[in-house]
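Trainee: Got a sequence here, can you build the structure:
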Amino acid sequence: MVTGASAGIGAAMARLLAARGTNLVLVARRAGRLEDLAGACRAQGVTATVAPADLADVEARAALARAHPAVDLLINNAGLGIYGALAETDWARTERLLAVNVTALTHLSRLYAPGMAARGFGRILQVASIVGFLPVPLFAAYAASKAYVVSLGLAMDAELATSGVRVCVLCPGGTATEFFDVARGPGAPGRAPGRMMSAEAVARIGLDGLARGQRLVVAGSGNRAAVFALRFAPRGLVARLAMRVTRGR
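Mentor: Residues are numbered from 1 along each chain as shown. Predicted coordinates:
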């Protein structure tokens, strides 16, 4: 099951998995895009089921689990971003971000992990971000939600270590998707095209890391170096520098 499969990293992962012979359940709100993607996946000789759903809705998540109970690979990729100072952004948009990035990801993990453990095999890929390692003014709620995903994923992998289920956290940096346009984030980190990885490259790195049994995968050598350096930088200084980047100056 791939959530957020209608575009970007999710769609790229679905195509890669189809090429590797994996049957798919494709989840997103935009049914038309899912149908197009499913057709491309089926051309690879796999089954691709379209499951339009609003993951902010708890009943939609429960319905997914009822309709597709035997998932052995869950890719929690769906996510939203909002650009702007938290005190000034629309609360309804912020609440939806938290519902999708945090609550839906946690709930789907909770819905599918027990069945995987009972069968003695399963894989969960939690898509976070390198901003999960630092405070990011003007993307504060988004960065905080990705910090949650990093922590949750690593903790779940330890909890499930003896069950045959592995959990991997993928942390991309700036990626060439529609994320920044949707978030309305001019000057967002990694926005310059020359500094952004393709969705296909990020998807391949994440899936390969999951297959190798890695707990944490940071996509791109530059991003790995940045995450390592952040361990030694004062958090206040990091926040001030991040503010300059997100402001575009």
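Trainee: backbone phi and psi for Ala51, please?
Mentor: phi -130, psi 80 (degrees, to the nearest 10).
Trainee: Count residues in the vicinity of it, would you?
Mentor: When neighbours are defined as other CB atoms under 10 Å, Ala51 has 21 of them. Glycine gets a C-beta too; all of them are placed from N, C-alpha and C.
Trainee: just checking, it touches Ala65?
Mentor: No - Ala51 lies out of contact with Ala65 (CB atoms under 8 Å); the separation is 10.8 Å.
Trainee: List the buried residues for stretch 79-93?
Mentor: Across stretch 79-93, burial judged by 16 or more other CB atoms under 10 Å covers 79-84, 89.
Trainee: Save the residues you listed as a markdown table, and put in pLDDT, secondary structure and distance to Leu216 too.
Mentor: Formatted as a markdown table, these follow (pLDDT from 0 to 100; DSSP: H, G, I helix; E, B strand; the rest coil; distance: CB to CB, whole Å):
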| residue | pLDDT | secondary structure | distance to Leu216 |
| --- | --- | --- | --- |
| Gly79 | 96 | coil | 17 |
| Leu80 | 95 | coil | 23 |
| Gly81 | 94 | coil | 21 |
| Ile82 | 94 | coil | 25 |
| Tyr83 | 94 | coil | 26 |
| Gly84 | 95 | coil | 29 |
| Thr89 | 94 | coil | 29 |
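Trainee: just curious, which of those is nearest to Ser163?
Mentor: Ser163 lies nearest to Gly79 out of these, by CB to CB, at 26.2 Å.
Trainee: pretty sure the closest one contacts Ala7?
Mentor: No - in this structure, Gly79 is not within contact of Ala7 by CB under 8 Å, at 11.5 Å.
Trainee: all strands for this protein, in order.
Mentor: 2-3, 24-28, 48-52, 73-76, 122-127, 165-171, 175-176, 197-198, 216-218 (DSSP state E).
Trainee: just those: most buried one?
Mentor: Highest mean neighbour count among these (mean count of other CB atoms under 10 Å): strand 2-3, with a mean of 30.
Trainee: Can you mark which positions in the lengthiest helix in the chain are buried?
Mentor: Criterion DSSP state H: the longest helix present in the chain is helix 140-159. For helix 140-159, burial by neighbour count (16+ other CB under 10 Å) applies to 140-150, 152-154, 156-157.
Trainee: try stretch 25-41
Mentor: So for stretch 25-41, counting by 16+ other CB under 10 Å, buried means 25-29, 33-34, 37-38, 41.
Trainee: Need the max-distance pair from the residues you listed.
Mentor: Arg29 and Cys41 (18.5 Å).
Trainee: No further questions, thank you.
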